[in-house]
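Colleague: predicted model and sequence follow; I will ask about them next.
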Amino acid sequence: MNKLQRTALALAATTAALTAAVAPAAASPGPGVLSATGCHGTTCIYVNGSGLRVNYAVVTNKKGSTVGRGMISSNWDGRTHTGPRLKKGQSWRFDYNRIMNNGNKVCGSIEGIDVACVTIHR
């Protein structure tokens, strides 16, 4: 197992633990399931999927200096999905279950502050 695979497994385990407080527990990734994580400031976004298929996205209030509603958006549909208020360490999950276009972005924020994004690739 290389460093990238170990890091991906650690991120998946951490995200699953954080998500449990606000959203139902997610099944562990199976073969062929890829994911991506991006952080900016106090916000992190985790996107679960494979290729252009996005299963779900999780936004996490990493440090909690801003308490507010979790928001997840993408330029695939141009919509912003608003979740519950998130305190320090809390997460919220939005299920996409969609095939997006190569280059689309999925972003997360807490009340629009410190927007973190990942880009969807084949």
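Modeller: Alright, I've got the coordinates.
Colleague: per-residue pLDDT, residue 22?
Modeller: Residue 22 is assigned a pLDDT of 33 by the prediction.
Colleague: same check on residue 65?
Modeller: 77.
Colleague: that one touches residue 42, doesn't it?
Modeller: Yes. Using C-beta atoms under 8 Å, residue 65 is in contact with residue 42, at 5.4 Å. Every C-beta, even on glycine, is put in place using the N, C-alpha and C of the backbone.
Colleague: more crowded one of those two?
Modeller: residue 42 (18 against 12; other C-beta atoms under 10 Å).
Colleague: and that one, what does it touch?
Modeller: 61-66, 110, 113-114 (C-beta atoms under 8 Å, 6 or more residues apart in numbering).
Colleague: shaky segments in the protein?
Modeller: When residues are selected by pLDDT under 70, those of the chain lie in 1-33.
Colleague: so the residue nearest to the spatial centre of the chain is in which element?
Modeller: With distances taken as C-alpha atoms, centre = their mean, residue 46 lies nearest the centre of the chain, 2.5 Å away. Residue 46 belongs to strand 43-50 when assigned by DSSP states H and E.
Colleague: who does the helix or strand just after that strand pair up with?
Modeller: Downstream of strand 43-50, the next assigned helix or strand under DSSP H and E is strand 53-61. Its sheet considered, strand 53-61 pairs with strand 43-50 (antiparallel), strand 91-99 (antiparallel) by DSSP bridges.
Colleague: hey, where'd the helices end up in this protein?
Modeller: Ranges of helices in the chain, per DSSP state H, are 3-19.
Colleague: residues near the residue lying closest to residue 113 once chain neighbours are set aside, how many?
Modeller: The shortest distance from residue 113 to any non-neighbouring residue, by C-beta to C-beta, 6 or more residues apart in numbering, is to residue 66 (5.3 Å). By other C-beta under 10 Å, the residues close to residue 66 number 18.
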